[in-house]
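Colleague: Requesting a structural model of the entry that follows:
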Amino acid sequence: MILTPIPASEVGPISRRSVALFGDAVGDHNPVHFDPEFARRAGLPDTVVHGPLTVALVVDRLVEEFGAERLLNIDVRLRGPVFPGDRLTVEPRAFGEADRGVAVCRANGDEVATAIVILAGDPDQ
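Modeller: Numbers count the residues shown, from 1 in each chain. So this is what the prediction gives:
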């Protein structure tokens, strides 16, 4: 089975302004996303980007590459925190014989998300 390849790409850097706008849009004003001192008291090095914002940025990258009409499904698993200022790399990854996916990594190599991607026009679609 030959699947459409997913090229590697970059997302970011993710700005604090993007985090603030996203928080306002979805009504999530948890201080872990906005207050660096609160985040440090919680044991984090900085505030944390909303998980759904990370997912949205990855989906946006896939839509840019393939078009919204081809993206049938994406099954995302968040694996670690993303911080303001992070640049993420979206890398192709195979999760099985018939699964095409991506790994999302911070610049230091930490994997922050994985996703299985189904595109229209591939075999069995």
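Colleague: buried set for stretch 82-96?
Modeller: Neighbour counts over stretch 82-96 (16 or more other Cβ atoms under 10 Å) mark 82-84, 86, 88-90, 93 as buried. Placement of C-beta: from N, CA and C, glycine included.
Colleague: What average pLDDT does that stretch get?
Modeller: Mean pLDDT, computed over stretch 82-96, is 91.
Colleague: Show me what that stretch is in contact with.
Modeller: Residues external to stretch 82-96 that are found in contact with it (Cβ atoms under 8 Å, 6 or more residues apart in numbering): 5-16, 19, 45-49, 54, 57-58, 61-62, 100-107, 112, 114, 116.
Colleague: Scan the protein for its longest helix.
Modeller: For the chain, the helix with the greatest residue count under DSSP state H is helix 51-66.
Colleague: elements contacting it?
Modeller: Secondary-structure packing of helix 51-66 (3 or more Cβ pairs under 8 Å, 6 or more residues apart in numbering; DSSP states H and E): strand 9-11, helix 16-26, strand 71-78, strand 88-96, strand 99-106, strand 111-119.
Colleague: would CSV of those with distance to A39 be doable?
Modeller: Putting the helices and strands packed on helix 51-66 into CSV (distance: least, Cβ to Cβ, whole Å) gives the following:
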stretch, distance to A39
strand 9-11, 21
helix 16-26, 12
strand 71-78, 17
strand 88-96, 19
strand 99-106, 16
strand 111-119, 16
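Colleague: who wins for proximity to H33 among those?
Modeller: Closest approach to H33 among those is made by helix 16-26 (5.6 Å; Cβ to Cβ).
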